[in-house]
Every structure is written in C-alpha cells, then in structure tokens.
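>>> Provided below are the primary sequence and the corresponding predicted coordinates.
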Amino acid sequence: MKEKEIYLAGGCCWGVEKYVSQIKGVTSTKVGFANGNYRASVSYGCMD
C-alpha cells in the first residue's frame, strides 16, 4: 500500500503525537509548528 501524508493540528503537540503514533497503520510522526519560521528543536526538557 502506498504511504500517505496528513497534517493535524492540536493543543499539546506531544500529546497528539503520542495518541496518533498508537493508531494501527501509522508509520511515523513528527511534531512541529504551523505558519511560522521557528527552526529550533523543541522538547519537554527545554520547557523547564
């Protein structure tokens, strides 16, 4: 089966990523920001 790509929006991007990654058939996820030019790598560790 050919892979497809979708874009989703949600409040807590890491929470959405965790939920979506558990859906059967999902092969990968990636968190990011929409409509901006912010290029830094963000993680929970840097939010302290």
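It's in.

>>> would you map the helices across the chain?
13-21 (DSSP state H).

>>> which stretches of it have low pLDDT?
Along the chain, segments meeting pLDDT under 70 span 35-48.

>>> go again with 50.
47-48 (pLDDT under 50).

>>> spatially central residue for it, please.
The chain has residue 31 as the residue nearest its centroid, 2.7 Å off, counting by Cα atoms, centre = their mean.

>>> ok, that residue to residue 17 distance?
5 Å (Cβ to Cβ, to the nearest Å). Using the backbone N, CA and C atoms, a C-beta is placed for each residue, glycine as well.

>>> and what of residue 24?
16 Å.

>>> out of these two, which sits in the busier spot?
Between residue 24 and residue 17, counted using other Cβ atoms under 10 Å, the more crowded position is residue 17 (16 against 4).

>>> so who does the more buried one touch?
Residue 17 makes contact with 29, 30, 31, according to Cβ atoms under 8 Å, 6 or more residues apart in numbering.

>>> name the residues of stretch 2-18 that are buried.
Residues 13, 17 are the ones in stretch 2-18 that count as buried (16 or more other Cβ atoms under 10 Å).

>>> just the CA atoms of that stretch, as PDB, please.
Extracted in PDB, the C-alpha atoms of stretch 2-18 (Å, rounded to 0.1, in the frame of the first residue of the first chain):
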ATOM      1  CA  LYS A   2       1.300   3.500  -0.900                       C
ATOM      2  CA  GLU A   3       2.000   5.700   2.100                       C
ATOM      3  CA  LYS A   4       0.000   8.900   2.600                       C
ATOM      4  CA  GLU A   5       0.900  12.100   4.500                       C
ATOM      5  CA  ILE A   6      -1.600  14.100   6.600                       C
ATOM      6  CA  TYR A   7      -1.200  17.300   8.700                       C
ATOM      7  CA  LEU A   8      -3.100  17.600  12.000                       C
ATOM      8  CA  ALA A   9      -3.400  20.400  14.500                       C
ATOM      9  CA  GLY A  10      -3.800  20.100  18.200                       C
ATOM     10  CA  GLY A  11      -3.300  21.900  21.500                       C
ATOM     11  CA  CYS A  12      -0.400  19.900  23.000                       C
ATOM     12  CA  CYS A  13       1.600  18.700  20.000                       C
ATOM     13  CA  TRP A  14       3.400  16.000  22.000                       C
ATOM     14  CA  GLY A  15       0.100  14.600  23.300                       C
ATOM     15  CA  VAL A  16      -1.400  14.500  19.800                       C
ATOM     16  CA  GLU A  17       1.800  12.800  18.500                       C
ATOM     17  CA  LYS A  18       1.600  10.100  21.200                       C
END
